[in-house]
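Novice: structure of the sequence below:
(chains A, B, C and D)
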2 protein chains.
Amino acid sequence: MTALERVRGELVVMWDRLGPLWGISPAAGRVHAWLLGHAEPQDAEQIAAGLESSRGAVSMACAELVDWGVILAEKPPGSRRVLYRPVTDVEQIIRRIVQTRKQREWDPLLAHLDGALESLEADRSAGAEEVRDRLDRIRGVVSAVDRLSERFLRGGALGTLGLKALVRAARSGRKRAP
Amino acid sequence: MTALERVRGELVVMWDRLGPLWGISPAAGRVHAWLLGHAEPQDAEQIAAGLESSRGAVSMACAELVDWGVILAEKPPGSRRVLYRPVTDVEQIIRRIVQTRKQREWDPLLAHLDGALESLEADRSAGAEEVRDRLDRIRGVVSAVDRLSERFLRGGALGTLGLKALVRAARSGRKRAP
DNA sequence: CAGACATTTCAAGATATATTGAAAATAATG
DNA sequence: CATTATTTTCAATATATCTTGAAATGTCTG
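Specialist: Numbering: from 1, shown residues only, chains lettered A, B, ... in the order given. Presented below is the predicted three-dimensional model:
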(Lines give C-alpha, C1' and ligand atoms only; values in the text may rest on other atoms or scores of the structure.)
Protein backbone atom coordinates (compact mmCIF):
# COMPACT_ATOMS: atom_id res chain seq x y z
CA MET A 1 0.00 0.00 0.00
CA THR A 2 1.50 3.32 -1.07
CA ALA A 3 1.66 6.40 1.11
CA LEU A 4 -0.95 8.03 -1.11
CA GLU A 5 -3.39 5.19 -0.61
CA ARG A 6 -2.96 5.35 3.15
CA VAL A 7 -3.49 9.11 3.15
CA ARG A 8 -6.64 8.67 1.09
CA GLY A 9 -8.11 6.36 3.71
CA GLU A 10 -7.25 8.75 6.52
CA LEU A 11 -8.75 11.66 4.60
CA VAL A 12 -12.03 9.79 4.26
CA VAL A 13 -12.17 9.11 7.99
CA MET A 14 -11.31 12.74 8.79
CA TRP A 15 -13.88 14.27 6.47
CA ASP A 16 -16.55 11.82 7.63
CA ARG A 17 -16.25 13.28 11.11
CA LEU A 18 -15.54 16.87 10.11
CA GLY A 19 -18.19 17.30 7.43
CA PRO A 20 -20.91 17.90 9.98
CA LEU A 21 -18.80 20.67 11.55
CA TRP A 22 -19.24 22.85 8.53
CA GLY A 23 -22.73 21.63 7.73
CA ILE A 24 -22.45 18.79 5.23
CA SER A 25 -23.50 15.21 5.98
CA PRO A 26 -20.93 12.54 6.89
CA ALA A 27 -21.68 10.64 3.69
CA ALA A 28 -21.04 13.70 1.55
CA GLY A 29 -17.91 14.39 3.56
CA ARG A 30 -16.52 10.98 2.65
CA VAL A 31 -17.17 11.57 -1.04
CA HIS A 32 -15.49 14.97 -0.84
CA ALA A 33 -12.48 13.37 0.84
CA TRP A 34 -12.31 10.72 -1.85
CA LEU A 35 -12.23 13.35 -4.57
CA LEU A 36 -9.65 15.45 -2.74
CA GLY A 37 -7.46 12.36 -2.55
CA HIS A 38 -7.48 11.77 -6.30
CA ALA A 39 -5.73 14.01 -8.80
CA GLU A 40 -7.97 12.78 -11.62
CA PRO A 41 -11.71 13.54 -11.62
CA GLN A 42 -13.81 10.48 -10.76
CA ASP A 43 -17.19 9.19 -11.85
CA ALA A 44 -19.89 8.02 -9.47
CA GLU A 45 -19.11 4.37 -10.19
CA GLN A 46 -15.50 4.71 -9.14
CA ILE A 47 -16.44 6.64 -6.01
CA ALA A 48 -19.02 4.07 -4.98
CA ALA A 49 -16.52 1.26 -5.49
CA GLY A 50 -13.80 3.11 -3.61
CA LEU A 51 -15.96 3.95 -0.62
CA GLU A 52 -17.77 0.61 -0.66
CA SER A 53 -21.03 2.44 -0.93
CA SER A 54 -23.90 2.25 -3.40
CA ARG A 55 -24.37 4.09 -6.65
CA GLY A 56 -27.49 5.85 -5.33
CA ALA A 57 -25.88 7.07 -2.13
CA VAL A 58 -23.00 8.60 -4.09
CA SER A 59 -25.47 10.31 -6.39
CA MET A 60 -27.16 11.96 -3.40
CA ALA A 61 -23.88 12.97 -1.84
CA CYS A 62 -22.58 14.48 -5.07
CA ALA A 63 -25.77 16.48 -5.52
CA GLU A 64 -25.29 17.87 -2.01
CA LEU A 65 -21.65 18.75 -2.66
CA VAL A 66 -22.42 20.42 -6.00
CA ASP A 67 -25.15 22.36 -4.21
CA TRP A 68 -22.62 23.56 -1.63
CA GLY A 69 -20.29 24.46 -4.46
CA VAL A 70 -17.33 22.45 -3.19
CA ILE A 71 -17.17 20.07 -6.17
CA LEU A 72 -17.82 20.48 -9.89
CA ALA A 73 -19.75 18.09 -12.16
CA GLU A 74 -18.25 17.81 -15.62
CA LYS A 75 -19.76 16.17 -18.67
CA PRO A 76 -16.99 15.36 -21.10
CA PRO A 77 -18.37 15.56 -24.68
CA GLY A 78 -18.61 12.21 -26.36
CA SER A 79 -19.56 10.35 -23.20
CA ARG A 80 -22.51 10.16 -20.86
CA ARG A 81 -20.53 9.77 -17.71
CA VAL A 82 -20.43 12.64 -15.24
CA LEU A 83 -17.04 13.29 -13.76
CA TYR A 84 -16.68 14.96 -10.40
CA ARG A 85 -13.75 17.20 -9.54
CA PRO A 86 -13.17 18.95 -6.22
CA VAL A 87 -12.80 22.72 -6.18
CA THR A 88 -9.23 23.25 -5.05
CA ASP A 89 -9.30 27.00 -4.53
CA VAL A 90 -9.65 27.04 -0.76
CA GLU A 91 -10.82 30.61 -0.62
CA GLN A 92 -13.65 29.77 -3.00
CA ILE A 93 -14.66 26.78 -0.89
CA ILE A 94 -14.78 28.86 2.27
CA ARG A 95 -16.70 31.57 0.50
CA ARG A 96 -19.36 29.12 -0.65
CA ILE A 97 -19.69 27.50 2.74
CA VAL A 98 -19.94 30.84 4.55
CA GLN A 99 -22.48 32.08 2.02
CA THR A 100 -24.65 28.98 2.19
CA ARG A 101 -24.63 28.75 5.97
CA LYS A 102 -25.29 32.44 6.38
CA GLN A 103 -28.47 32.30 4.37
CA ARG A 104 -29.62 28.90 5.60
CA GLU A 105 -28.93 29.34 9.27
CA TRP A 106 -27.64 32.69 10.37
CA ASP A 107 -30.13 35.02 8.68
CA PRO A 108 -33.19 33.07 9.89
CA LEU A 109 -31.71 33.00 13.40
CA LEU A 110 -31.34 36.77 13.37
CA ALA A 111 -34.90 37.20 12.13
CA HIS A 112 -36.22 34.93 14.89
CA LEU A 113 -34.31 36.81 17.55
CA ASP A 114 -35.68 40.11 16.28
CA GLY A 115 -39.19 38.70 16.34
CA ALA A 116 -38.73 37.42 19.89
CA LEU A 117 -37.33 40.75 21.10
CA GLU A 118 -40.21 42.59 19.53
CA SER A 119 -42.87 40.48 21.22
CA LEU A 120 -41.09 40.79 24.56
CA GLU A 121 -41.16 44.56 24.38
CA ALA A 122 -44.79 44.53 25.51
CA ASP A 123 -44.15 42.33 28.57
CA ARG A 124 -42.97 44.55 31.40
CA SER A 125 -42.62 41.82 34.07
CA ALA A 126 -39.26 41.35 35.80
CA GLY A 127 -38.74 37.93 34.24
CA ALA A 128 -39.33 39.19 30.74
CA GLU A 129 -36.94 42.05 31.36
CA GLU A 130 -34.09 39.69 32.19
CA VAL A 131 -34.80 37.34 29.28
CA ARG A 132 -35.02 40.28 26.89
CA ASP A 133 -31.64 41.48 28.10
CA ARG A 134 -30.04 38.09 27.46
CA LEU A 135 -31.53 37.77 24.01
CA ASP A 136 -30.41 41.26 23.15
CA ARG A 137 -26.83 40.42 24.07
CA ILE A 138 -26.97 37.24 22.01
CA ARG A 139 -28.45 39.15 19.13
CA GLY A 140 -25.55 41.54 19.30
CA VAL A 141 -23.04 38.80 18.71
CA VAL A 142 -25.07 37.04 16.05
CA SER A 143 -25.49 40.30 14.23
CA ALA A 144 -21.77 41.05 14.51
CA VAL A 145 -20.86 37.70 12.99
CA ASP A 146 -23.44 38.30 10.30
CA ARG A 147 -21.82 41.60 9.35
CA LEU A 148 -18.39 40.08 9.49
CA SER A 149 -19.43 37.39 7.02
CA GLU A 150 -21.05 40.00 4.79
CA ARG A 151 -17.82 41.96 4.74
CA PHE A 152 -15.95 38.79 3.88
CA LEU A 153 -18.35 37.81 1.09
CA ARG A 154 -18.35 41.28 -0.47
CA GLY A 155 -14.76 42.22 0.18
CA GLY A 156 -13.65 39.60 -2.28
CA ALA A 157 -10.61 38.39 -0.42
CA LEU A 158 -9.58 36.79 2.81
CA GLY A 159 -7.35 39.85 3.11
CA THR A 160 -10.12 41.90 4.64
CA LEU A 161 -10.06 39.74 7.73
CA GLY A 162 -6.32 39.51 7.91
CA LEU A 163 -6.63 35.83 7.08
CA LYS A 164 -4.50 36.00 3.97
CA ALA A 165 -1.37 37.06 5.82
CA LEU A 166 -2.08 34.43 8.45
CA VAL A 167 -2.33 31.72 5.83
CA ARG A 168 0.99 32.78 4.34
CA ALA A 169 2.63 32.74 7.74
CA ALA A 170 1.09 29.39 8.63
CA ARG A 171 2.22 27.62 5.47
CA SER A 172 5.87 28.26 6.16
CA GLY A 173 5.82 27.09 9.78
CA ARG A 174 4.72 23.48 9.47
CA LYS A 175 5.55 20.49 11.58
CA ARG A 176 4.84 21.29 15.19
CA ALA A 177 4.62 17.83 16.80
CA PRO A 178 1.04 16.41 17.20
CA MET B 1 -50.29 32.56 26.86
CA THR B 2 -47.97 35.47 27.58
CA ALA B 3 -45.38 36.82 25.15
CA LEU B 4 -42.64 35.41 27.38
CA GLU B 5 -44.11 31.91 27.22
CA ARG B 6 -44.33 32.04 23.46
CA VAL B 7 -40.75 33.26 23.19
CA ARG B 8 -39.60 30.44 25.46
CA GLY B 9 -41.13 27.88 23.13
CA GLU B 10 -39.52 29.45 20.09
CA LEU B 11 -36.16 29.59 21.83
CA VAL B 12 -36.33 25.87 22.52
CA VAL B 13 -37.04 25.10 18.87
CA MET B 14 -34.23 27.42 17.72
CA TRP B 15 -31.61 26.02 20.05
CA ASP B 16 -32.62 22.45 19.26
CA ARG B 17 -31.61 23.05 15.66
CA LEU B 18 -28.70 25.39 16.30
CA GLY B 19 -27.00 23.49 19.09
CA PRO B 20 -25.35 21.08 16.66
CA LEU B 21 -23.92 24.04 14.74
CA TRP B 22 -21.63 24.89 17.59
CA GLY B 23 -21.10 21.33 18.70
CA ILE B 24 -23.65 20.52 21.41
CA SER B 25 -26.40 17.93 21.00
CA PRO B 26 -29.96 18.94 20.17
CA ALA B 27 -31.17 17.72 23.57
CA ALA B 28 -28.62 19.84 25.40
CA GLY B 29 -29.52 22.76 23.17
CA ARG B 30 -33.14 22.54 24.27
CA VAL B 31 -32.15 22.54 27.94
CA HIS B 32 -29.90 25.54 27.36
CA ALA B 33 -32.76 27.36 25.66
CA TRP B 34 -35.08 26.55 28.54
CA LEU B 35 -32.64 28.04 31.03
CA LEU B 36 -32.02 31.12 28.89
CA GLY B 37 -35.78 31.67 28.82
CA HIS B 38 -36.11 31.70 32.60
CA ALA B 39 -34.80 34.49 34.82
CA GLU B 40 -34.76 32.19 37.85
CA PRO B 41 -32.40 29.18 38.00
CA GLN B 42 -34.20 25.88 37.49
CA ASP B 43 -33.78 22.36 38.86
CA ALA B 44 -33.73 19.25 36.72
CA GLU B 45 -37.29 18.36 37.69
CA GLN B 46 -38.66 21.65 36.41
CA ILE B 47 -36.66 21.42 33.21
CA ALA B 48 -37.84 17.87 32.51
CA ALA B 49 -41.44 18.88 33.11
CA GLY B 50 -41.11 21.99 30.95
CA LEU B 51 -39.53 20.18 28.02
CA GLU B 52 -41.69 17.06 28.41
CA SER B 53 -38.55 15.01 28.69
CA SER B 54 -37.32 12.56 31.29
CA ARG B 55 -35.34 13.23 34.42
CA GLY B 56 -32.42 11.17 33.15
CA ALA B 57 -32.15 12.88 29.81
CA VAL B 58 -32.03 16.28 31.49
CA SER B 59 -29.28 15.03 33.79
CA MET B 60 -27.15 14.01 30.78
CA ALA B 61 -27.82 17.27 28.97
CA CYS B 62 -26.92 19.37 32.00
CA ALA B 63 -23.68 17.47 32.47
CA GLU B 64 -22.81 18.21 28.84
CA LEU B 65 -23.65 21.90 29.22
CA VAL B 66 -21.66 22.26 32.44
CA ASP B 67 -18.79 20.54 30.66
CA TRP B 68 -18.99 23.09 27.85
CA GLY B 69 -19.09 25.83 30.45
CA VAL B 70 -22.29 27.43 29.21
CA ILE B 71 -24.35 26.78 32.35
CA LEU B 72 -23.52 26.70 36.07
CA ALA B 73 -24.68 24.11 38.62
CA GLU B 74 -25.46 25.61 42.02
CA LYS B 75 -26.13 23.78 45.28
CA PRO B 76 -28.03 26.08 47.59
CA PRO B 77 -27.13 25.20 51.24
CA GLY B 78 -29.99 23.68 53.16
CA SER B 79 -31.32 21.74 50.21
CA ARG B 80 -30.28 18.79 48.10
CA ARG B 81 -31.56 20.15 44.86
CA VAL B 82 -29.13 21.30 42.20
CA LEU B 83 -30.12 24.50 40.45
CA TYR B 84 -28.93 25.29 36.95
CA ARG B 85 -28.30 28.81 35.75
CA PRO B 86 -27.16 29.85 32.28
CA VAL B 87 -23.97 31.84 31.90
CA THR B 88 -25.14 35.17 30.52
CA ASP B 89 -21.79 36.71 29.68
CA VAL B 90 -21.81 36.09 25.94
CA GLU B 91 -18.08 36.64 25.57
CA GLN B 92 -17.42 33.95 28.17
CA ILE B 93 -19.75 31.52 26.37
CA ILE B 94 -18.00 32.07 23.06
CA ARG B 95 -14.61 31.72 24.68
CA ARG B 96 -15.54 28.35 26.18
CA ILE B 97 -17.00 27.04 22.96
CA VAL B 98 -14.02 28.15 20.89
CA GLN B 99 -11.62 26.67 23.42
CA THR B 100 -13.40 23.34 23.64
CA ARG B 101 -13.81 22.92 19.90
CA LYS B 102 -10.26 23.94 19.20
CA GLN B 103 -8.83 21.24 21.38
CA ARG B 104 -11.41 18.58 20.52
CA GLU B 105 -11.51 19.06 16.78
CA TRP B 106 -9.17 21.63 15.34
CA ASP B 107 -5.89 20.59 16.93
CA PRO B 108 -6.30 16.88 16.05
CA LEU B 109 -7.22 17.87 12.48
CA LEU B 110 -4.04 19.88 12.18
CA ALA B 111 -1.98 17.01 13.54
CA HIS B 112 -3.57 14.59 11.06
CA LEU B 113 -2.90 16.89 8.15
CA ASP B 114 0.72 17.26 9.19
CA GLY B 115 1.06 13.50 9.43
CA ALA B 116 -0.48 13.03 6.00
CA LEU B 117 1.77 15.65 4.41
CA GLU B 118 4.80 14.05 5.96
CA SER B 119 4.03 10.61 4.59
CA LEU B 120 3.30 12.05 1.15
CA GLU B 121 6.70 13.69 1.00
CA ALA B 122 8.25 10.35 0.07
CA ASP B 123 5.83 9.68 -2.81
CA ARG B 124 7.10 11.49 -5.91
CA SER B 125 4.37 10.37 -8.31
CA ALA B 126 2.34 12.99 -10.16
CA GLY B 127 -0.86 12.06 -8.35
CA ALA B 128 0.73 12.38 -4.94
CA GLU B 129 2.17 15.74 -5.93
CA GLU B 130 -1.28 17.17 -6.70
CA VAL B 131 -2.88 15.72 -3.56
CA ARG B 132 -0.04 17.03 -1.42
CA ASP B 133 -0.56 20.48 -2.88
CA ARG B 134 -4.25 20.43 -2.03
CA LEU B 135 -3.68 19.25 1.50
CA ASP B 136 -1.02 21.88 1.98
CA ARG B 137 -3.42 24.62 0.97
CA ILE B 138 -6.08 23.25 3.29
CA ARG B 139 -3.56 23.02 6.09
CA GLY B 140 -2.74 26.67 5.54
CA VAL B 141 -6.29 27.74 6.24
CA VAL B 142 -6.79 25.36 9.15
CA SER B 143 -3.60 26.62 10.69
CA ALA B 144 -4.62 30.22 10.15
CA VAL B 145 -7.93 29.68 11.91
CA ASP B 146 -6.09 27.89 14.67
CA ARG B 147 -3.84 30.87 15.23
CA LEU B 148 -6.75 33.24 15.04
CA SER B 149 -8.53 31.34 17.79
CA GLU B 150 -5.37 31.24 19.88
CA ARG B 151 -5.07 34.99 19.57
CA PHE B 152 -8.69 35.33 20.61
CA LEU B 153 -8.34 33.01 23.58
CA ARG B 154 -5.17 34.68 24.86
CA GLY B 155 -6.01 38.25 23.92
CA GLY B 156 -8.68 38.29 26.57
CA ALA B 157 -11.23 40.31 24.62
CA LEU B 158 -13.30 40.20 21.49
CA GLY B 159 -11.61 43.50 20.75
CA THR B 160 -8.61 41.80 19.19
CA LEU B 161 -10.74 40.61 16.33
CA GLY B 162 -12.62 43.83 15.93
CA LEU B 163 -15.71 42.01 17.12
CA LYS B 164 -16.33 44.26 20.08
CA ALA B 165 -16.91 47.35 17.97
CA LEU B 166 -19.09 45.30 15.62
CA VAL B 167 -21.24 44.11 18.52
CA ARG B 168 -21.69 47.70 19.72
CA ALA B 169 -22.68 48.82 16.24
CA ALA B 170 -25.00 45.86 15.77
CA ARG B 171 -26.90 46.39 19.01
CA SER B 172 -28.04 49.86 18.06
CA GLY B 173 -29.27 49.00 14.58
CA ARG B 174 -31.96 46.42 15.29
CA LYS B 175 -35.16 45.72 13.41
CA ARG B 176 -34.35 45.13 9.78
CA ALA B 177 -37.44 43.27 8.56
CA PRO B 178 -37.09 39.42 8.36
C1' DC C 1 -36.71 9.17 -32.69
C1' DA C 2 -35.52 4.62 -31.07
C1' DG C 3 -32.19 2.26 -28.48
C1' DA C 4 -28.74 2.10 -25.09
C1' DC C 5 -26.24 3.92 -21.53
C1' DA C 6 -26.33 6.80 -17.12
C1' DT C 7 -28.31 9.19 -13.57
C1' DT C 8 -31.79 10.24 -10.16
C1' DT C 9 -35.39 9.00 -7.14
C1' DC C 10 -37.64 6.75 -3.45
C1' DA C 11 -39.69 3.23 -0.52
C1' DA C 12 -38.05 -0.58 2.24
C1' DG C 13 -34.63 -2.18 5.20
C1' DA C 14 -30.33 -1.58 7.94
C1' DT C 15 -27.81 1.17 11.03
C1' DA C 16 -26.89 4.59 14.32
C1' DT C 17 -28.50 7.87 17.71
C1' DA C 18 -31.38 9.58 21.36
C1' DT C 19 -34.62 8.68 25.07
C1' DT C 20 -36.55 6.44 28.79
C1' DG C 21 -37.18 4.61 33.41
C1' DA C 22 -35.86 1.87 36.96
C1' DA C 23 -31.85 0.51 39.69
C1' DA C 24 -27.39 2.00 41.72
C1' DA C 25 -24.82 5.64 43.61
C1' DT C 26 -24.36 9.85 46.15
C1' DA C 27 -24.99 13.43 49.55
C1' DA C 28 -27.36 15.69 53.40
C1' DT C 29 -29.79 15.54 57.72
C1' DG C 30 -31.18 14.20 62.44
C1' DC D 1 -24.91 5.85 60.66
C1' DA D 2 -29.41 4.94 59.02
C1' DT D 3 -32.77 7.40 56.43
C1' DT D 4 -34.40 9.93 52.79
C1' DA D 5 -34.09 13.15 49.06
C1' DT D 6 -31.68 13.63 44.92
C1' DT D 7 -28.67 12.61 41.06
C1' DT D 8 -26.32 9.55 37.87
C1' DT D 9 -25.95 5.56 35.12
C1' DC D 10 -27.14 2.24 31.68
C1' DA D 11 -29.53 -1.47 29.27
C1' DA D 12 -33.73 -1.65 26.71
C1' DT D 13 -36.49 0.72 23.57
C1' DA D 14 -38.06 4.20 20.50
C1' DT D 15 -36.74 7.38 17.00
C1' DA D 16 -34.32 9.33 13.38
C1' DT D 17 -30.96 8.82 9.81
C1' DC D 18 -28.44 6.58 6.23
C1' DT D 19 -28.12 3.09 2.72
C1' DT D 20 -29.62 0.20 -0.72
C1' DG D 21 -31.28 -1.40 -5.15
C1' DA D 22 -34.69 -1.62 -8.43
C1' DA D 23 -37.78 1.31 -11.14
C1' DA D 24 -38.39 5.78 -13.31
C1' DT D 25 -36.31 9.38 -15.66
C1' DG D 26 -33.09 11.68 -18.40
C1' DT D 27 -29.67 12.19 -22.31
C1' DC D 28 -26.65 11.24 -26.02
C1' DT D 29 -25.76 8.88 -30.57
C1' DG D 30 -26.70 6.72 -35.01
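Novice: ok, now how distant is the nearest residue to residue A:22 once chain neighbours are set aside from residue A:24?
Specialist: What sits nearest to residue A:22 in space, not counting adjacent residues and going by CB to CB, 6 or more residues apart in numbering or on different chains, is residue A:97, at 5.5 Å. (Each C-beta comes from the backbone N, C-alpha and C, glycine too.) Distance, residue A:97 to residue A:24, using CB to CB, to the nearest Å: 8 Å.
Novice: and if you look at residue A:43?
Specialist: Relative to residue A:24, and taking CB to CB, residue A:43 is found at 20 Å.
Novice: the more surrounded of those two?
Specialist: Higher neighbour count among residue A:43 and residue A:24: residue A:24, with 22 against 16, using other CB atoms under 10 Å in any protein chain shown.
Novice: picking that back up, what's the overlap in contacts for residue A:97 and residue A:24?
Specialist: A:68, A:70 (CB atoms under 8 Å, 6 or more residues apart in numbering or on different chains).
Novice: for the residue nearest to residue A:22, grab the count of nearby residues.
Specialist: So residue A:97, with other CB under 10 Å, has 16 neighbours.
Novice: and it, what does it touch?
Specialist: Taking CB under 8 Å, 6+ apart as the test, what residue A:97 contacts is A:22, A:23, A:68, A:70.
Novice: and residue A:19, by the same measure?
Specialist: If a contact means CB under 8 Å, 6+ apart, then residue A:19 has A:25, A:26, A:28, A:29, A:30, A:32 as its contacts.
Novice: now tabulate the residues you listed in CSV and tack on distance to residue A:127 and pLDDT.
Specialist: Shown next, in CSV, are the contacts of residue A:19 (distance: CB to CB, whole Å; pLDDT from 0 to 100):
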residue, distance to residue A:127, pLDDT
A:25, 40, 88
A:26, 41, 90
A:28, 43, 93
A:29, 43, 92
A:30, 47, 94
A:32, 47, 94
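Novice: out of those, which end up buried?
Specialist: A:28, A:29, A:30, A:32 (16 or more other CB atoms under 10 Å in any protein chain shown).
Novice: ok, so of those, who is nearest DNA strand D?
Specialist: Closest to DNA strand D out of the buried ones among the contacts of residue A:19 is residue A:30 (7.2 Å), distances taken as CB to the nearest atom of the strand.
Novice: tell me the phi and psi of the closest one?
Specialist: Main-chain torsions, residue A:30, degrees, to the nearest 10: phi -60, psi -40.
Novice: roughly how far apart are it and chain B?
Specialist: The gap separating residue A:30 from chain B is 15 Å, by CB to the nearest CB, to the nearest Å.
Novice: OK, contacts around that residue?
Specialist: Contacts of residue A:30 (CB under 8 Å, 6+ apart): A:12, A:15, A:16, A:19, A:51, A:53, A:61.
Novice: out of these, who's the most crowded?
Specialist: residue A:61 (28 neighbours).
Novice: these two touch, right, residue A:69 and residue A:96?
Specialist: Yes. Contact criterion CB atoms under 8 Å: residue A:69 and residue A:96 qualify, at 3.6 Å.
Novice: looking at residue A:43 now. What's its pLDDT?
Specialist: With respect to pLDDT, residue A:43 scores 92.
Novice: what sits against it?
Specialist: Residue A:43 neighbours (CB under 8 Å, 6+ apart): A:81, A:82, A:83, A:84.
Novice: who does it form a beta bridge with?
Specialist: residue A:83 (DSSP bridges).
Novice: quick check: it vs residue A:4, distance?
Specialist: 20 Å.
Novice: which bits of chain A sit near DNA strand C?
Specialist: A:43-45, A:55-56, A:59-60, A:62-63, A:73, A:79-82 (CB under 7 Å from any atom of the strand).
Novice: what helices and strands are in contact with the host helix or strand of residue A:48?
Specialist: Element membership for residue A:48 (DSSP states H and E) is helix A:44-51. In terms of contacts (3 or more CB pairs under 8 Å, 6 or more residues apart in numbering or on different chains; DSSP states H and E), helix A:44-51 is packed against helix A:26-36, helix A:55-68.
Novice: list the contacts of that helix.
Specialist: A:12, A:30-31, A:34-35, A:42, A:53-55, A:57-59, A:62, A:81-82, A:84.
Novice: and the residues you listed, which is closest to chain B?
Specialist: residue A:35 (9.9 Å; CB to the nearest CB).
Novice: the closest one: how many residues sit nearby?
Specialist: Neighbours around residue A:35, by other CB under 10 Å: 26.
Novice: sweet, I'm off.
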